[in-house]
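> let's see this in three dimensions:
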Amino acid sequence: MVSLLDLAEITEQGVKFKAPHDGSEMLLTPEHSIQIQNCIGADIMMQLDDVVSSTTTGPRVEEAMHRTVRWLDRCLKANEREHDQALFPIVQGGLDEELRRKCAAELTNREVHGYAIGGLSGGEAKDDFWKMVAVSAASLPKKQVKIYHGYRLCSGLGSLYSFRL
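I've put the predicted structure just below:
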């Protein structure tokens with residue numbers, strides 16, 4: 001959603017988008033995002049998360065992390081195909097190690113099939129990126145599937161393997 005933030009408004013209810021071609025509005029709620037993914041038969045579904053640019057600092061990052069956890073609960077409740085579609089929550093927390101650990105701890109309290117590490121590749125320094133991937137991966141269960149969500153550079157894929165994502 002980071003690339004669409006100029007066209008979106010995020011509230012507790014969901015994300016209100018403005019279509020770039022005609023300005024019409026659409027509300028995407030956690031429940032609706034899961035209904036869509038249930039309908040298309042996605043093997044791995046991603047929760048709707050409140051993601052901010054990775055270079056954002058301050059209280060907005062913590063607000064987004066807490067909202068992501070609350071939205072996960074709504075996604076889990078809305079999932080009508082939990083036995084044949086895997087729902088992955090997304091670790092958020094910006095470049096704040098403690099928020100990432102806190103988010104991972106909350107997410108691991110829910111029964112899910114695996115985890116995604118998100119909220120990066122938004123302009124942060126590469127060292128900060130790798131540090132947050134490492135912190136997030138280390139905070140998740142070792143025996144569950146982990147994926148990195150949103151990585152844009154093929155040259156770094158080998159480095160992601162070292163985290164066993």
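> any low-confidence regions in the chain?
1-6, 150-165 (pLDDT under 70).
> which residue ranges of it form helices?
With DSSP state H as the criterion, the chain has helices at 30-40, 59-78, 97-107, 126-138, 157-161.
> out of the ones you listed, which one sits most buried?
Among those, helix 97-107 has the highest mean neighbour count (mean count of other Cβ atoms under 10 Å), at a mean of 19. Every residue, glycine included, has its C-beta placed from N, CA and C.
> report all helices and strands that that one contacts.
helix 59-78, strand 90-91, helix 126-138 (3 or more Cβ pairs under 8 Å, 6 or more residues apart in numbering; DSSP states H and E).
> got the contact list for the shortest one?
Where contact means Cβ atoms under 8 Å, 6 or more residues apart in numbering, the residues beyond strand 90-91 that reach it are 46-47, 49, 51, 68, 100, 103-104, 107, 115-119, 136, 139-140, 149.
> parallel or antiparallel, which strands does that strand pair with?
Applying DSSP bridges, strand 90-91 is found paired with strand 114-117 (parallel).
> any idea how far stretch 94-101 is from the middle of the chain?
Centre-to-centre, stretch 94-101 and its host chain are 13 Å apart (Cα atoms, centre = their mean, to the nearest Å).
> my bad, should have said stretch 95-112
For stretch 95-112, the distance to the chain centre is 11 Å (Cα atoms, centre = their mean).
> same check, this time on stretch 141-151
Stretch 141-151 has its C-alpha centroid displaced from the chain centroid by 11 Å (Cα atoms, centre = their mean).
> cool, stretch 52-69 as well?
Stretch 52-69 has its C-alpha centroid displaced from the chain centroid by 11 Å (Cα atoms, centre = their mean).
> thank you kindly, that will do.
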